[in-house]
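**Q** With the input below, show me the fold.
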Amino acid sequence: MKTVKKMLAAAVFVAGLVLCACKSDEEQTLPENTNIVTGEFDTGITSRDIENAIPIRLDGENAYCDESSVKIEAGEVKIKSGGTYILSGTYIGSIKINAAETEKVNLVFDNVSIVSKGGKCIFAKQTDNVVIYLREGSNNRLVADVENVSEEDLEKAAIQSKVSLAIDGNGSLDIAAPSIDAINSDENILINGGNIVITAGDDGIHSDKSVVINSGSVDIKECCEGIEGAGIYINGGCINIVASDDGINATDGNSTNARKGDSGKNKNADSGNDDILVCINGGTVNIDAAGDGLDSNGRIEMNGGYIYVSGSVNDNNNATDYDTEFVMNGGTIIATGMSGMYQSIAENSKNMVIDYKSGKLIEEGSLIKLMDENLVLLECTMVKSGNAVMISMNELEEGKEYTLVVENETVTVTATKGTGSEMNFGGPGGGPGGPRGNFDGQDGGFDGPRGNFDGQDGGFDGPRGDFDGKESGFGGPRGDFDGKDGGPGGPMAPPDGQEDGFGDPEGN
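**A** Numbering: from 1, shown residues only. Down below sits the predicted model:
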């Protein structure tokens, strides 16, 4: 059997944002077939690596490096050999990696700002794998300044890699790619740390294979699709997604003709494949999507963690959407949206579920509260209007009645086994559908039109407050879950998101 740390605590979902407070921890036993993926290569960079790193100084349209392994041409810095390189300064151009296939390249970002007119700020053409390490205390920025997007540009990203790519460290990285993907790899993508903020015209993070998030914070403020890959594994960290299409989409098809408003590069090319998987083992995920919120063209599996999904305001998309099954063995999910294509969790799930359909539209801003007698188990505010609510959490008992408060109405609901795609709502039926207007990727209910994020330590503060990284229980670069200032509520709290990360190589 596999075991992971589970935090037992009190918490409240507010406006889709999670406030948490820790009281104690215990070992959580996961099923033998639990999918836990930690990545295929070591991303650890030591203080000695940084001390001995090859410096590359960036200065406007110029760059400077004395090593023969680095070649500087007009608008491009070419890294030709493996090793650790430390970049600092501001540059108009791009960094290209073309080393031997057996050599690993580490890029240490130490207050780097790169603007690329061609779209690719970082392009890993050939090497064994690439690690981007965000030095503690550093603020880094990549801007893919692409105008008049062509078909060729569709294959570009601010960080474009032909090999496996990892991001680690305790600094911040702001990526602006208003016309293309922010991060794209032909191979796997691994995130082990850092505070990453993304604005993208297409995908926030895209892998042709797998995306693995173990730790750190990822705030995708604007995108077409948030995270896309054949396998998406979330083991920890804090993730916030505002998407004009799907929030998280597992797919491995080969279509490449998607743009804004389409359903993703590979949507539906792989319908019904169980090898295509969204697997959540830990962490905290908030999704505000105009399309499907949590979408797999294969299956979804959840063994731990905390997810709030605000799905589409029309009946053509689901808050949770899958082709085969959604097996819920642990953790907590609350998914809100419309009932037209509603899907619950699978009958063979270990968790019980409450499937509720309102007899009228539940307006944006309405309070939803689940109670076990006088104990508040869960509370949230509708980010967008909808008429369907799905709640599944470890605490639910089969056949037991609970009280669900929706706006000013109180109804009795019963926790049952999941029914998959069959609609077995526990609340009153009927009622009109919601509006069918398009969502423009803005105004996601995360403070202001697109939310404010300051790049610090990955927390959500206040019922509709700024993403300020403070007092969320995610302390420091590898800080302990301190349990302070997390808010009242029932027996829920996200894990600390730090178990799978890497420490500060500089000894902090």
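**Q** Okay, now the sheet partners of the helix or strand encompassing residue 336, with direction.
**A** Taking DSSP states H and E as the definition, residue 336 sits inside strand 332-337. Using DSSP bridges, strand 332-337 pairs in its sheet with strand 306-310 (parallel), strand 386-393 (antiparallel).
**Q** any idea of the mean pLDDT in the first one?
**A** Per-region confidence: strand 306-310 scores 96 on mean pLDDT.
**Q** Check which element follows it along the chain.
**A** Following strand 306-310 in sequence, per DSSP H and E, is strand 320-322.
**Q** Show me what counts as buried in that following strand.
**A** 320-322 (16 or more other Cβ atoms under 10 Å). Heads up, the C-betas are built off the backbone N, CA and C, glycines and all.
**Q** what helix or strand does residue 50 sit in?
**A** Here residue 50 is assigned to helix 47-51, by DSSP H and E.
**Q** who does that helix touch, helix- and strand-wise?
**A** strand 83-92, strand 105-116 (3 or more Cβ pairs under 8 Å, 6 or more residues apart in numbering; DSSP states H and E).
**Q** The first one packs against which elements?
**A** Using 3+ Cβ pairs under 8 Å, 6+ apart, the elements in contact with strand 83-92 are helix 47-51, strand 54-60, strand 105-116.
**Q** Let's have these in TSV, adding distance to residue 355.
**A** TSV is the format used below for these (distance: least, Cβ to Cβ, whole Å):
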stretch	distance to residue 355
helix 47-51	51
strand 54-60	54
strand 105-116	46
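**Q** Please identify which of the ones you listed is closest to residue 309.
**A** Residue 309 lies closest to strand 105-116 among the helices and strands packed on strand 83-92, at 32.0 Å (Cβ to Cβ).
**Q** quick one: buried residues of the next helix-or-strand element following that closest one?
**A** On the C-terminal side of strand 105-116, the closest following helix or strand by DSSP H and E is strand 122-126. For strand 122-126, the neighbour count (16+ other Cβ under 10 Å) marks 122-124 as buried.
**Q** Paired strands for strand 122-126, with orientation please.
**A** Partners of strand 122-126 in its sheet, by DSSP bridges: strand 94-98 (parallel), strand 157-161 (parallel).
**Q** Make CSV from those strands and add distance to residue 52, mean neighbour count and mean pLDDT to it.
**A** Output for the strands paired with strand 122-126, formatted as CSV (distance: least, Cβ to Cβ, whole Å; neighbours: other Cβ atoms under 10 Å; pLDDT from 0 to 100):
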stretch, distance to residue 52, mean neighbour count, mean pLDDT
strand 94-98, 19, 22, 97
strand 157-161, 24, 27, 96
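**Q** hmm, back to that, nearest to residue 347 among the strands paired with strand 332-337 would be which one?
**A** Closest among those, using Cβ to Cβ: strand 386-393, at 12.6 Å.
**Q** From the rest of the structure, what touches the following helix or strand past that closest one?
**A** Counting by DSSP H and E, the next helix or strand C-terminal to strand 386-393 is strand 401-406. Contact with strand 401-406 is made by 354, 356, 358, 362, 366-373, 377, 389, 396, 410-415, 427, as judged by Cβ atoms under 8 Å, 6 or more residues apart in numbering.
**Q** Strand 401-406 versus strand 386-393: what angle between them?
**A** Orientation check (axes from the mean of the first three to the mean of the last three Cα atoms, to 10 degrees): strand 401-406 against strand 386-393 gives 140 degrees.
**Q** buried residues in strand 401-406?
**A** Buried residues in strand 401-406 (16+ other Cβ under 10 Å): 402-406.
**Q** Can you give the contact residues for the strand holding residue 336?
**A** Residues contacting strand 332-337 (Cβ under 8 Å, 6+ apart): 13, 293-294, 302, 305-313, 317-320, 362, 368, 378, 380, 382-384, 386, 388-394, 492.
**Q** give me that answer again for 7 Å
**A** Residues from elsewhere that reach strand 332-337 (Cβ atoms under 7 Å, 6 or more residues apart in numbering): 13, 293, 302, 306-312, 318-320, 378, 380, 382, 386, 388-393, 492.
**Q** what does stretch 52-62 give?
**A** Contacts for stretch 52-62 (Cβ under 7 Å, 6+ apart): 63-65, 67, 69-70, 77, 83-93, 108, 112.
**Q** List buried residues within those.
**A** 63, 65, 69-70, 77, 83-89, 91-93, 108, 112.
**Q** Residue 292 against residue 321, yeah?
**A** Yes - using Cβ atoms under 7 Å, residue 292 is in contact with residue 321, at 4.0 Å.
**Q** Helices along the stretch 201-350 of the chain, start to end?
**A** Taking DSSP state H, counting those that start in this stretch, the stretch 201-350 of the chain contains no helices at all.
**Q** Look up which residues are beta-bridged to residue 157.
**A** Residues in beta-bridge contact with residue 157 (DSSP bridges): residue 181.
**Q** need the contact list for it.
**A** Taking Cβ under 7 Å, 6+ apart, one finds 120, 177, 180-184 in contact with residue 157.
**Q** at 8 Å what do you get?
**A** So residue 157 contacts 119-120, 144, 177, 180-184, 206 (Cβ under 8 Å, 6+ apart).
**Q** could the residues you listed go into CSV alongside pLDDT, neighbour count and distance to residue 56?
**A** As requested, the contacts of residue 157 are exported to CSV (pLDDT from 0 to 100; neighbours: other Cβ atoms under 10 Å; distance: Cβ to Cβ, whole Å):
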residue, pLDDT, neighbour count, distance to residue 56
119, 87, 24, 21
120, 93, 27, 17
144, 94, 30, 20
177, 96, 30, 22
180, 93, 23, 24
181, 96, 30, 25
182, 97, 29, 22
183, 98, 30, 21
184, 97, 28, 23
206, 97, 26, 27
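**Q** quick check, nearest of those residues to residue 100?
**A** Out of the contacts of residue 157, the member with the shortest distance to residue 100 (by Cβ to Cβ) is residue 120, at 20.8 Å.
**Q** now residue 201: how far from residue 160?
**A** To residue 160, residue 201 is 14 Å away according to Cβ to Cβ, to the nearest Å.
**Q** Relative to residue 71, how far out is residue 96?
**A** 9 Å.
**Q** Thanks a lot, see you next time.
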